[in-house]
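Chemist: Show me how the following folds:
(one chain, ligands or ions: 1)
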Amino acid sequence: MRITIDREACIGSGLCALIAPAVFDQNDDDGLVELLDEGPLTDPVGTVKDAVQRCPAAALGSHPD
Ligand code: SF4
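Modeler: Just a heads-up that it's a prediction; the model follows:
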């Protein structure tokens, strides 16, 4: 699985970093999402998919390899 982020769509809610902190973080300056682990994933795949689905701005994507 490969993860993508859209920083232009992100509204900085921080939910992704809360759910899957090994994969997502928030930029110290603007609060927008940062991708820490594009894959292979250090958080369980289900957790990462949950973060992707719960993003309120639909700024995250998960793609099969
Ligand atoms: S959950 Fe979505 S809107 Fe919130 S910080 Fe992550 S990418 Fe941005």
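Chemist: where do the helices sit along the chain?
Modeler: Applying DSSP state H to the chain gives helices spanning 15-19, 45-54.
Chemist: Of those, which stretch is the most buried?
Modeler: Most buried of the helices of the chain, by mean neighbour count (mean count of other CB atoms under 10 Å): helix 15-19, with a mean of 19. C-beta: built from backbone N, CA, C; applies to glycine.
Chemist: Quick check: beta-bridge partners of the closest residue to C16 other than its chain neighbours?
Modeler: Spatial nearest neighbour of C16, chain neighbours left out: F24 (3.9 Å); criterion: CB to CB, 6 or more residues apart in numbering. Beta-bridge pairing for F24 (DSSP bridges): L35.
Chemist: From the structure, what's the count of residues near F24?
Modeler: 26 (other CB atoms under 10 Å).
Chemist: Put together JSON lines for the helices of the chain, with mean pLDDT and distance to the ligand on each row.
Modeler: Supplementary listing: the helices of the chain in JSON lines, determined by pLDDT from 0 to 100; distance: least, CB to the nearest ligand atom, whole Å:
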{"stretch": "helix 15-19", "mean pLDDT": "98", "distance to the ligand": "3"}
{"stretch": "helix 45-54", "mean pLDDT": "95", "distance to the ligand": "7"}
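Chemist: Which one, of these, ends up nearest to L60?
Modeler: Of all those, it is helix 45-54 that lies closest to L60, at 4.3 Å by CB to CB.
Chemist: The closest one - contacts with which helices or strands?
Modeler: With contacts defined as 3 or more CB pairs under 8 Å, 6 or more residues apart in numbering; DSSP states H and E, helix 45-54 has these neighbours: helix 15-19, strand 60-63.
Chemist: Give me the contacts around the shortest one.
Modeler: If I follow you right, that is strand 60-63. The contact list for strand 60-63, computed with CB atoms under 8 Å, 6 or more residues apart in numbering, reads 1-6, 16, 24, 33, 48-49, 51-52.
Chemist: if I look at the closest residue to K49 other than its chain neighbours, how far off is the ligand?
Modeler: Nearest non-adjacent residue to K49, counting by CB to CB, 6+ apart: S62, 5.7 Å away. Remark: distance between S62 and the ligand (CB to the nearest ligand atom, to the nearest Å) = 12 Å.
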